[in-house]
Each structure stands twice: as structure tokens, then as C-alpha cells.
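> coordinates only, sequence not included:
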């Protein structure tokens, strides 16, 4: 029943055709821009997985397959808006203007991963599941109190909807009608636990009914639908219409992280099948081919450009100065407490350095 | 030339109310939020009159959700506001523990200083008011063990006002614990104007020669009773130090007192094991070991849950227990 009430919004189907009754609100150039942004995200992800295998970075969290959901939602924000990612959302943060070098440094166990460029409002990726939803509601609340038109967009997965903070974040946002967009990526699995063990509900979108806020289910592999749905939610938030819950239905091809083996809990041939049928990049490729706007040369030049950008970021990451001991102690308090200062002095004395 | 400071004779709860009013008047970024803090003025009346004066946009009745209250405060604090969040009782803070441990205390470090959480979490705490189960917990040690936050416990109106203003102005998050037994147990002269009491500084409540007694919150009441009795009955005089800030603790005050008396006792109502008394002992050990004439004593709550109130008088450290520990130390 809820599946009928929450049909999956789609503009481009798997074949790359505009579905009946819809119109694609994007020019060829805009579609090509989407393709470029998703390709950039995918190439960074593949490079990162490879570097993890080579021991050049630590445990890595991959997002391959979820590019349309992340890139499409991030692209619908404006400068000055707020983004609250999880650890799997670096396609989104990259698109929203995070530094590629700092995103890579995150996987080298560096605090710089939590530091976006000046003027870009991205919180450090939240590790405790769903804990970032109340933050997004709070930051949006602050914008509302100041009377700005800035919004928050927060990412979370299907498993996060079981956590208390999911409900508390949505409820606060709903009660105070703050300009926040709750963007769920339902990739079907919380590590190994499938959706049907996570909830009896058939959709995540329907959970918004309990908060009496707009809620919608969208094909998370159709970037045109994701962008359109998020743009509408963002517009509503900016113009005083309060929060929205969006469910982007997607799939991660790979493991939960590079430390996980998905064949223990699912048949990975499903991932291979989806690569051939539902892939977000393939869908745009098909669309552009239908429009006679696809040239192999265009793609190879994009790949070349992106590879150079990634190589540059990797080089910067690998040549980045070692973490200084001071980073361990800086920013715990505004000024170190006396207990911490004594510990610092003792530590540095052992290292033969002056405090 | 002398200046007269206008004072009022206030209970601690009134001192807290004055601190909130002072900061709400002075700083538009200060917000007060929590369950029942608005129209109702708080279950203990800490926020009485504030909703009327400052309106619902600044004195906010929130949904009943501790993690949501603290989590949205993190978002607001990172985005320019200074929230003062109320937990109705410290025993109700546990749903917010994840937010405090993983975000409030470390957002500054996680973002290399880009985002901070200059916020205060107020919570009434402690036993002795015949409250229902879970309302009487005394878990200050959960927060003194949490790098990134400061922990403050006033015991009277003057300190409560000055410490709460300092806590709201502090760039770091502060857990501000208010002993319920002290809310209306005494009155103190409190300046009408704004003043601050510095965080991290203890107060000497009584001076003596034979032993140093360190305590905080409601245990200052039992401790003062006990030391007055041992002085009258046995001519044992005590330094009584109200630590007021549990993290960072006033090391100098602890050392100065122990080095004067050569003996020490710590009194707190939280369970003994892992309690803040252990940290006071560590400070004494580090600063004053060779001055000690006897082992450091402590009188604390039991390693049990804080009981329902039919048993709370058995649980709370009594003047008799405190006197016994003082005598044992002095006779060693």
C-alpha cells in the first residue's frame, strides 16, 4: 500500500529515455555537466579503493553506485548552505566544494578530512549513525532565527532510520519548521543487514508522514530526478516551507568498507547485474547517445582531465607533511587545561622537544 | 571612596535565573532551551519569567528528547548561537550521552577548530529531595572523564550566578550540574549587577589546621555540619574546600590546603569507585605526597545505583560518616 502511495519518482528510465508524461528540465550541456561530476566522483572512488589495496591509504568507505544520489543532491545546493555528511558521502562533499586532497587525507587518518575550504559549510563526516540529523536541524534552525534563506542538507542511510536521532532530528525540524532537507540514501543494506530486516515499512519516505512533512521517494540512480526533487525541497525550505524527507533508492556495488566482504551476506552477482542495468552513469550515457550527443573523444578527454586532477590531489596527499604532535592537543579546548598541558609537557620531554 | 554594591538575598535557583536573564539581556546569541523551560518556567523555576521577557524564540519549549535538545544545540552552536540546554534531571541525560561524547566534546578537534560548541548543558542532580527513581543520580565523573568539556558544580546562589555566566561565556562546552538540595536550602547575598566566578577555581568555605576536606555541591551541607561538630566536640579544625569546578580542578587550592594540614578527606555522594575523589587523590599524590601524615580518606556513595528515596538517607554520606573519617585520619 505504501509502495503505491510513495511511487519512485523517475525522469530518465534505465534505458536513458525520458519516461512518459515527464519532461527533462535540463539542456544537453547540463546533462553533460552531471555526467562529468559523477565520473569525477567515480574515478576518485576507484582510485581510493586501489590505493587502499596498495596500502597507500587506510580503510576506505566506497560509494560506487551511489553517485547520482550524492552528486545530484549536492549540486542542488547553493553557496552558503550547510551539508552534514556521513563517512560514505565524499561524492557529495567533493561536489559541494570540499578539497579533494583533504578528502583523501581523511583516509590517511588525518584530521584535515574534517576541514573544508574556508567559506564552505561542511561538517566533518559523522561516524555515529544518525547523530548528524539533529545537527542539521540545529544549523537550519539557526539560519531561520537569523532570517537568512540558507538551508541544511543531511545525508544518512537506511540503517540510520532505526536510530533515535533520526526521529529526534526529524521531529525537531518538523516542530520548529526549520529549512532542512533530510536526504536518505537507501542502498538496501546496513553493512550486512538488508532493508527487510531493518524495518517492516516498505519505504523510508513514509516515515515522514509521522512528522507531517513533505516526503518523497525518488530513483536514486537517476540524477535528473534526484536533482529535481532536492531542488524542490531546497526551494520549499528557503521559502519558509519547512523540512522535507527524501528517500533516494540506490545500491552500493561494493563492500561496506574495504575491510568488509559482501559475499558473506549477499550475492554479488546482483551488483554486477545492476552495473549493466541501473548504473547512474550508464543511464546518462544512454540518454546522450539517444540525443546523438555522445562522443567517445569527449569522455576520454574528461577522463584525462579528471585523472590529472586526482593525480595532483594524490600527490599532494602523499607529500603532505606528517601529522604534527600538536594536532593531538590543539582544538581539544580553546586553551589547553592544566592537566592537558602537563601531559603535553611530559610527552614532549620524552620526545626530547621543548613544550 | 567606597562604592556600594546593590545585593539581593537569593536562593541558588534564583541565582541561576539571574544568570540566565543577565546573559539573555546582554547577548542576542544566547538561547535557553529544554523540556518545560518556557511557559512553565522550568520544573524547578530556574527559567521563571524568562519566556515572558524574551519570548518563545529565545526561551524555547522543546520536544521531550534529550539527544535532540543537545544535538540541535550542537548545530546552533556551530552556527553562531550560544545555547543553554536544560536536562530536566541529570539522570535523564543518558539519551544525550552519544551527542555529548561524540560531538559536543570533540567537534572543535574534528573540524580543526572550524566548528566549536560554546554551549552549556544544565542539569539538576543529586539525592536527598525524595525524588522518584533515576532522578537522583550523581554522575559527574562520566563528564570529568570526557576530554573537551568542563564540569562545574555550584553550591550557593553567589557561585551559581557567577559560574553560570562564566560557563555561558566560555568558548568550551560546559556541563553545569546543579545540586537540587541546594536550590532553596540557603540564601546568599548576590550582587544585582553582572559578575563572574572564574571556572577552575575552588572556594575555601572554612579554615582549619588539622585536615583538608574537599567536597562540592550538596555535600558541602553535610560536610559543614560534620566539621562544625568535630571542632566543637573534639577541637579538630578543618579546611573545607568547595571545588566548584570538577574539571579542570583547582590544583593550587588542593595543594595549598593539604600542604598546610597534612591530611585530606574527600566527600562526594557519587559512587566511590571511579568517582572524582580518585582524581583529587591523584592531585594530592602529585603535588603533596611528602606532606601527608595519614592516608587520604574518602566518604562517598556506595557502588550501587542511587536508591529509591526510602533508602536515600542510608546512601548519602552522613555527618557521622564524615566525622568518623576525620577522626580516623587525625588519629592515624
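Perfect, I can see it now. Everything numeric in this text was worked out from a predicted model, so none of it was measured.
> interface residues of the stretch 51-200 of chain A facing chain B?
Residues of the stretch 51-200 of chain A found near chain B (Cβ under 8 Å from any Cβ of the partner chain) are A:82, A:111-112, A:114-116, A:123-124, A:126-128, A:131, A:133-143, A:145-146, A:152, A:164-165, A:168-169, A:171-172, A:175. Heads up, the C-betas are built off the backbone N, CA and C, glycines and all.
> return a ChimeraX selection command for the buried portion of the residues you listed.
Remark: buried members of those, expressed as a ChimeraX selection using 16 or more other Cβ atoms under 10 Å in any protein chain shown:
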select /A:82,111,112,114,115,116,123,124,126,131,133,134,135,136,137,138,139,140,141,142,143,145,152,164,165,168,169,171,172,175
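> list the ones among the residues of the stretch 51-200 of chain A next to chain B that fall in helices.
Helix and strand membership here follows DSSP state H; of these, those in helices are A:133-143, A:145-146, A:164-165, A:168-169, A:171-172, A:175.
> helix or strand: which one has residue B:273?
For residue B:273, there is no enclosing helix or strand under DSSP states H and E.
> the stretch 151-300 of chain B against chain A: which residues are in contact?
For the stretch 151-300 of chain B, the contact set with chain A under Cβ under 8 Å from any Cβ comprises B:170-172, B:200, B:247-249, B:251.
> how about a cut-off of 7 Å?
Remark: the part of the stretch 151-300 of chain B in contact with chain A comprises B:171-172, B:248, B:251, using Cβ under 7 Å from any Cβ of the partner chain.
> okay, those residues in TSV with neighbour count next?
Formatted as TSV, the entries for these read as follows, by neighbours: other Cβ atoms under 10 Å in any protein chain shown:
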residue	neighbour count
B:171	11
B:172	21
B:248	19
B:251	18
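> where are the low-confidence patches of chain B?
Counting by pLDDT under 70, chain B shows low-confidence ranges at B:1-2.
> so who does the residue in the stretch 151-300 of chain A positioned nearest to chain B touch?
Nearest residue of the stretch 151-300 of chain A to chain B (Cβ to the nearest Cβ) works out as residue A:168 at 3.3 Å. Under the criterion of Cβ atoms under 7 Å, 6 or more residues apart in numbering or on different chains, the contact list for residue A:168 reads A:134, B:65, B:67-68, B:71.
> and what of residue A:328?
Counting by Cβ under 7 Å, 6+ apart, there are no residues that residue A:328 touches.
> with residue B:208 instead?
Residue B:208 sits next to B:237-239 when contact means Cβ under 7 Å, 6+ apart.
> what subset of those is buried?
For these, a neighbour count by 16+ other Cβ under 10 Å gives the buried set as B:238-239.
> which one of the contacts of residue B:208 is nearest residue A:48?
The shortest approach to residue A:48 among the contacts of residue B:208 belongs to residue B:239, at 60.5 Å (Cβ to Cβ).
> list the beta-bridge partners for that closest one.
With DSSP bridges as the criterion, the beta-bridge partners of residue B:239 are residue B:212.
> where in chain A is pLDDT low?
Low-confidence segments of chain A, defined by pLDDT under 70, are located at A:1, A:354-355.
> quick check: closest non-adjacent residue to the residue of the stretch 151-300 of chain A closest to chain B.
Spatial nearest neighbour of residue A:168, chain neighbours left out: residue B:68 (3.3 Å); criterion: Cβ to Cβ, 6 or more residues apart in numbering or on different chains.
> next, count neighbours for that neighbour.
Using other Cβ atoms under 10 Å in any protein chain shown, residue B:68 is surrounded by 28 other residues.
> which residues sit in contact with it?
Contacts of residue B:68 (Cβ under 7 Å, 6+ apart): A:134, A:168-169, A:171-172.
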